[in-house]
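Student: kindly return the folded structure for what I paste below:
(2 chains)
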Amino acid sequence: MTVTEPTAERTADAEVDDAAEADQVVVEDVLVEEISIDGMCGVY
Amino acid sequence: MAFDADAPHRLSERVGLRPEPFGALAYHYDTRRLVFLKATALVDLVRALEHHASPRAAVDALVADPTRRPSFLSALASLAESGVVEPQHATLRETA
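Tutor: Numbering: from 1, shown residues only, chains lettered A, B, ... in the order given. From the prediction side, this is the model:
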């Protein structure tokens, strides 16, 4: 039986891509956030 | 209804938009949902929607950084899903 060693270290390019993707997600999350106020009677 | 980025939209008449330091707070009188618009640029965009041919045209005109335009378009799609913005023909249903 052959055991394959875990290979490849992540490249710098891959890390940069991941970071850019994370930034994109954060930007989208920050722009809009929705909540319901049902059940909050008496708060106002 | 699916969001059409190329059809004319506007801020819904059933939504109150209150300016806040972070952007604005939108309250929908029908759904009783609150939506935080967490960027003043997004608020400007929403208010200006009715003066542009489409959300995509508004984003292209008002968002200077091309890399941020997809995020703003996505935010408008989310606001359309929430009923904060609506197709302009939707206003006719109240008077029909």
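
Student: and residue 26, what pLDDT?
Tutor: Using chain A here. Looking at residue A:26, its pLDDT is 50.

Student: try chain B instead
Tutor: 96.

Student: quick one: low-confidence ranges for the chain?
Tutor: Chain wasn't specified; assuming chain A. Counting by pLDDT under 70, chain A shows low-confidence ranges at A:1-29, A:39-44.

Student: to clarify, I was referring to chain B.
Tutor: In chain B, residues with pLDDT under 70: B:90-96.

Student: how about the strands in it?
Tutor: B:9-11, B:15-20, B:23-28, B:33-37, B:85-87 (DSSP state E).

Student: show residues contacting the third one.
Tutor: Put plainly, it is strand B:23-28. B:12, B:14-18, B:33-40, B:42-43, B:46, B:79, B:82-84 (CB atoms under 8 Å, 6 or more residues apart in numbering or on different chains). C-betas here are computed from N, CA, C, even on glycine.

Student: quick one: that strand to chain centroid distance?
Tutor: Computed by CA atoms, centre = their mean, to the nearest Å, the separation of strand B:23-28 from the middle of its chain amounts to 11 Å.

Student: likewise for the second one?
Tutor: Averaged C-alpha coordinates place strand B:15-20 at 12 Å from its chain's average position (CA atoms, centre = their mean).

Student: now do the buried residues in that strand.
Tutor: Within strand B:15-20, the residues that count as buried by 16 or more other CB atoms under 10 Å in any protein chain shown are B:15, B:17.

Student: that one: partners in the sheet, and parallel or antiparallel?
Tutor: Strand B:15-20 sits in its sheet next to strand B:23-28 (antiparallel), going by DSSP bridges.

Student: list the beta-bridge partners for residue B:36.
Tutor: Under the criterion used (DSSP bridges), residue B:36 bridges to residue A:33, residue B:25.

Student: distance check, it against residue B:64.
Tutor: 23 Å (CB to CB, to the nearest Å).

Student: let's have the strands of chain B in TSV, adding distance to residue B:75.
Tutor: Compiled in TSV, the strands of chain B are given as follows (distance: least, CB to CB, whole Å):
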stretch	distance to residue B:75
strand B:9-11	13
strand B:15-20	14
strand B:23-28	11
strand B:33-37	8
strand B:85-87	10
